[in-house]
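Novice: sequence first, predicted coordinates after that:
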Amino acid sequence: MSDAKPAVGDAIRAALLIGEPQAKLFAARRIARDWRLGRLFFDLTAPMPDAPARPDRPELLPPGRMPRRGKGGSERGRIALWHAIAHIEFVAIDLALDMAGRFGAEMGEAFVSDFLAVAADEAMHFALLERKLRALGSHYGALPAHDGLWQAARDTAHDVAARLAVVPMVLEARGLDVTPATIERVRHLGDRNGTLILERILDDEIRHVAVGAKWFDKVSDRRDEMPRELWQKLVKLHFGGQLKGPFNDSARRSAGLPREFYAALVS
Ligand SMILES: [Fe+2]
Ligand SMILES: [Fe+2]
């Protein structure tokens, strides 16, 4: 049977293969909207690329070769701070798209809906940060960026439980820990607009971690495993190192990630 609607998997694959930032962000938002409005067909047979396309700029450097960013007080320091956050959000668009596109077939339509909504949020975060950089006389791509962020996706491409354990429940959860201190620093500099952007991102990221934890629970259930034990096992296996505190326990708890989960893995 043929369906006149485009396949959601084809649309996701195409968005992952866009390098140009504006075009990628528009594509992510359009897919989320089209999916919500029933304009895409639930078909995820398209293979996802091993790695998404990247723009020519920023230059990607291994984490150890990134220039030091200082505390964000100088003009250059401020630009470096917003650029680093913009890069994280840019990669987050692809991480959410890849989650939906790679694992949506086995996980179902509600899973696709959740992660396409996350992708649209990440696209909005990136747009806010790109605008912030422009207001400071810079832009995304003006500085080098960290090359490590896609590695977690590569390492967990074979298993949705591993992907959920590491991407939303370790990496995005880490964002909950560090963002409040950044908000305080930005507020201290008198940057009201920057404070509002980061507060919005923090709110959304609590939801993203919650979405990850919810689906991780379902997968554990399906596999007849205890979520906490499965999570700890997968994080040890696929996230190599131990987790670093201090933790934002209250934000993590409201995202469905209680301390019993991560306390055992603290270095
Ligand atoms: Fe985000
Ligand atoms: Fe996120």
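Specialist: Good, I have the coordinates. Bear in mind that the values here come from a model prediction, so they are computed numbers and not experimental data. Residues are numbered from 1 along each chain as shown. Ligands and ions are numbered 1, 2, ... in the order given.
Novice: what's the following helix or strand after the helix or strand where residue 94 lies?
Specialist: Using DSSP states H and E, residue 94 sits in helix 75-107. Downstream of helix 75-107, the next assigned helix or strand under DSSP H and E is helix 109-135.
Novice: which residues touch the residue nearest to residue 128 when sequence neighbours are not counted?
Specialist: Nearest non-adjacent residue to residue 128, counting by C-beta to C-beta, 6 or more residues apart in numbering: residue 197, 5.0 Å away. In short, each C-beta sits where N, CA and C put it, glycine included. Shown in contact with residue 197 (C-beta atoms under 8 Å, 6 or more residues apart in numbering): 128, 129, 132.
Novice: in which helix or strand does residue 197 reside?
Specialist: helix 192-222.
Novice: could you give the angle of that helix to helix 109-135?
Specialist: 160 degrees (axes from the mean of the first three to the mean of the last three C-alpha atoms, to 10 degrees).
Novice: which residues sit against the next helix or strand after helix 192-222?
Specialist: As assigned by DSSP H and E, the chain's next helix or strand after helix 192-222 is helix 227-238. With contact meaning C-beta under 8 Å, 6+ apart, helix 227-238 is reached by 152, 155-156, 159, 161-162, 165-166, 169-170, 216-217, 220-221, 223, 243, 260-261, 264-265.
Novice: just the buried subset of those, please.
Specialist: Buried residues within those, counting neighbours by 16 or more other C-beta atoms under 10 Å: 152, 155-156, 161-162, 165-166, 169-170, 216, 220, 243, 261, 265.
Novice: in CSV, list those along with distance to residue 227.
Specialist: Output for the buried ones among the contacts of helix 227-238, formatted as CSV (distance: C-beta to C-beta, whole Å):
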residue, distance to residue 227
152, 19
155, 20
156, 17
161, 10
162, 14
165, 10
166, 14
169, 10
170, 14
216, 6
220, 4
243, 16
261, 8
265, 14
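Novice: which of these sits closest to ligand 2?
Specialist: Within the buried ones among the contacts of helix 227-238, proximity to ligand 2 (C-beta to the ion) peaks at residue 169, which comes in at 11.6 Å.
Novice: list the contacts for the nearest residue to that closest one once chain neighbours are set aside?
Specialist: Computed as C-beta to C-beta, 6+ apart, the closest residue to residue 169 that is not its neighbour in sequence is residue 212, at 5.1 Å. Contacts of residue 212 were listed using C-beta under 8 Å, 6+ apart, and they are 164, 167, 168, 169, 172.
Novice: over to residue 217?
Specialist: Counting by C-beta under 8 Å, 6+ apart, residue 217 makes contact with 227, 256.
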